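J.: how would this look folded up:
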Amino acid sequence: MKTLDKMHRKMVLLEQDNKKLARESEKASKKGKGGFDGMIVGAAKAATGMLSVASAVRVVNAELRNKIELDKRAAGTAMDVSGGQAAVIKNLGDVDDATAKQFLVSMRQLKSKAGFQSETPLLQAASSILSASGGDRKKTYDILSAAAPLFKDKQDDLATFGGAMGDMMKSTGSTDAKQTAALMLAIQGQARFEDLSAFQNVAPAIASAGVNDTSGNKLRATREAAALFAGIGQRAGDKEGAVTKTAVANLASNLARLVPEKDTAFERLAVVQKDAKLQEEVLRSGFKGSIKPIIKELVSGADSQTARGVQGAFAKIQGSEAAYDRKVSQLATVTKELETTNTARSSQAVAENLRLANKAGAEVATIREATYQAMKESGASTFEQTYWKLQRAGDVMIPGEQTAQDAARRGIQALRSRQGGLLGASDPEALLEGSSDADILARDTGAGGRSVTALDVKRARLLERQVEILEEIRDRKPAAPLDPNRHIE
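T.: Got it, this is the predicted structure:
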């Protein structure tokens, strides 16, 4: 923008020279033939010079419009991301500024690592998981590191899946996010529910089953409970999992009550499947409606359809990190289409980072838009609105601002000018500070001046608040931007 401003100043000087040349040519036109020849030469020079100026003005204006558009996009991205950042900060708990910034930086780094094109879905998911985990930053980061690569194609689902992972880890006592993600993918594949919200029923079912397991093997207990959930739910056609959740919890507690000498749900189920009396006891324990015949089939024998479904699900629900890594790799490159799409997402992430890096441009655009809106709402003319929005007005070239302080100063100038127009005053600031509304309305604005109305005064006073905001921006020390290359401990 410094180069553009230099070009603008040169254009102004050249235009002044051309005007001088035009005046001299006009004088020459009054001196007969010699003067006429001189006028032709002068006019030719003037035309050549003005054509050069006009061409340069068009080039510079095009660059200014491009700069304004880049700034507007930067401001829009900053607005989107700031909403997610605010949600995260609210759920971080009572932490100092450095800790809050460090976590936000980690989310920006994760965006690139996971192949997300935007930071906003990660921040939204982080806010949800932080809320559910009591502000546990490490757990939140670990969950998102494991979940994000699985949801590049459906980024809005990340918060739901990540939250379910947190619930699952709490239920099972696991601290291994990748293993939990692998378990959940396997459960989804076996239970075949259609909506990720069904995971809200999986964790409670696993938790209730885990409470009754006395083996000490939490992973196996989780796999058994998940297999029961998948096998029973699939047989029942329970797409949401609510009925299945209750059935698994009820079954696990009754198996533990009836066969206390065994440690696991599967060991207890195997005993019941060989004992008709125990089977009757299980069925009398609150199973009703469409779920009762499915439980009856399960406990009647190991060869029943439901029992085979449960065993088949158990074999496939492994929680294997190798399976997780394989799935992530497949989602990234198993087809050319996926590979191309992921490359596009990475490029979009770079573009968003560039917009976020344009901090000054985003601030300038925000200030420019705020000034424009204040001018518009105060009844300014279309020309005033356009001019102070810092866009091209007719063939007039208007240089842009380089910093927020530049934009604030220009905005203050615009609003003071508007206040002066409303009040018919050369020093509206002094008038507003030293006079009541009645005094301003009674004031003589001079010969030919229009009368000042109560609405004019009210608008001028309301604009004062926007001036104060811009003065704060003009005088403040710029905040340090987030550095996505900063190392996170």
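
J.: next SSE after whichever strand or helix holds Ile232?
T.: For Ile232, the host element (DSSP states H and E) is helix 218-236. Next along the chain after helix 218-236, taking DSSP H and E as the criterion, comes helix 242-258.

J.: still on that earlier bit, buried residues in the helix holding Ile232?
T.: Within helix 218-236, the residues that qualify as buried are 220-236, counting by 16 or more other C-beta atoms under 10 Å. From N, CA and C alone the C-beta is placed, and that goes for glycine too.

J.: quick check: mean pLDDT of that helix?
T.: Averaged across helix 218-236, pLDDT comes to 88.

J.: what does stretch 128-137 give?
T.: For stretch 128-137, mean pLDDT rounds to 88.

J.: and if you look at stretch 473-489?
T.: Mean pLDDT, stretch 473-489: 63.

J.: please apply the same query to stretch 307-320.
T.: 88.

J.: ok, residues contacting that stretch?
T.: 179-180, 182-183, 186-187, 189-191, 219, 222-224, 226-228, 230-232, 234-235, 266, 273, 297-298, 301-302 (C-beta atoms under 8 Å, 6 or more residues apart in numbering).

J.: on that earlier part again, packing partners of the helix holding Ile232?
T.: Other helices and strands packing on helix 218-236, by 3 or more C-beta pairs under 8 Å, 6 or more residues apart in numbering; DSSP states H and E, are helix 158-172, helix 177-191, helix 199-211, helix 242-258, helix 265-272, helix 291-300, helix 305-316.

J.: by mean pLDDT, show me the worst of those helices.
T.: For the helices and strands packed on helix 218-236, mean pLDDT drops lowest on helix 199-211, to a mean of 82.

J.: where are the low-confidence patches of the stretch 1-150 of the chain?
T.: Applying pLDDT under 70 to the stretch 1-150 of the chain flags residues 1-65.

J.: identify each buried residue in stretch 330-341, please.
T.: Neighbour-count burial for stretch 330-341 flags Leu331 (criterion: 16+ other C-beta under 10 Å).

J.: hang on, the earlier thing: just the CA trace of the helix holding Ile232, in PDB.
T.: As requested, the backbone C-alpha atoms of helix 218-236 are provided in PDB (Å, rounded to 0.1, in the frame of the first residue of the first chain):
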ATOM      1  CA  LYS A 218     -11.600 -52.700  31.100                       C
ATOM      2  CA  LEU A 219     -11.000 -53.000  27.400                       C
ATOM      3  CA  ARG A 220     -12.600 -56.500  27.200                       C
ATOM      4  CA  ALA A 221     -15.500 -55.300  29.400                       C
ATOM      5  CA  THR A 222     -16.000 -52.400  27.000                       C
ATOM      6  CA  ARG A 223     -15.900 -54.600  23.900                       C
ATOM      7  CA  GLU A 224     -18.400 -57.000  25.500                       C
ATOM      8  CA  ALA A 225     -20.800 -54.200  26.400                       C
ATOM      9  CA  ALA A 226     -20.400 -52.700  22.900                       C
ATOM     10  CA  ALA A 227     -21.000 -56.100  21.300                       C
ATOM     11  CA  LEU A 228     -24.200 -56.500  23.300                       C
ATOM     12  CA  PHE A 229     -25.300 -53.000  22.300                       C
ATOM     13  CA  ALA A 230     -24.500 -53.700  18.600                       C
ATOM     14  CA  GLY A 231     -26.000 -57.200  18.400                       C
ATOM     15  CA  ILE A 232     -29.200 -56.400  20.300                       C
ATOM     16  CA  GLY A 233     -29.700 -53.000  18.600                       C
ATOM     17  CA  GLN A 234     -29.200 -54.400  15.100                       C
ATOM     18  CA  ARG A 235     -31.700 -57.200  15.800                       C
ATOM     19  CA  ALA A 236     -34.200 -54.700  17.200                       C
END
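
J.: can you tell me how far the residue nearest the centre of the chain sits from Asp439?
T.: Among the residues of the chain, Thr120 comes closest to the average C-alpha position under C-alpha atoms, centre = their mean, at 2.3 Å. Counting by C-beta to C-beta, to the nearest Å, the separation of Thr120 from Asp439 is 51 Å.

J.: look up phi and psi at Asp238.
T.: With angles defined as degrees, to the nearest 10, Asp238 sits at phi -90, psi 100.

J.: who touches the residue lying closest to it once chain neighbours are set aside in this structure?
T.: Excluding the flanking residues, the one nearest Asp238 by C-beta to C-beta, 6 or more residues apart in numbering is Thr244, at 4.6 Å. For Thr244, the contacting residues are 191, 201, 205, 229, 232-233, 236, 238, 291, by C-beta under 8 Å, 6+ apart.

J.: if we go to 7 Å?
T.: Contacts of Thr244 were listed using C-beta atoms under 7 Å, 6 or more residues apart in numbering, and they are 201, 205, 229, 232-233, 236, 238.

J.: Glu240 now?
T.: Contacts for Glu240 (C-beta under 7 Å, 6+ apart) come out as 193, 198, 201.

J.: give me every residue that touches the second one.
T.: Spelled out, that is Ala198. Applying C-beta under 7 Å, 6+ apart, we find Ala198 in contact with 239-241.

J.: which strand or helix spans Gly279?
T.: Gly isn't right for residue 279; it's Gln. helix 276-283.

J.: what's in contact with that helix?
T.: Contact with helix 276-283 is made by 254, 258, 271-272, 292, 295-296, 299-300, as judged by C-beta under 7 Å, 6+ apart.

J.: all good on my end, thank you.
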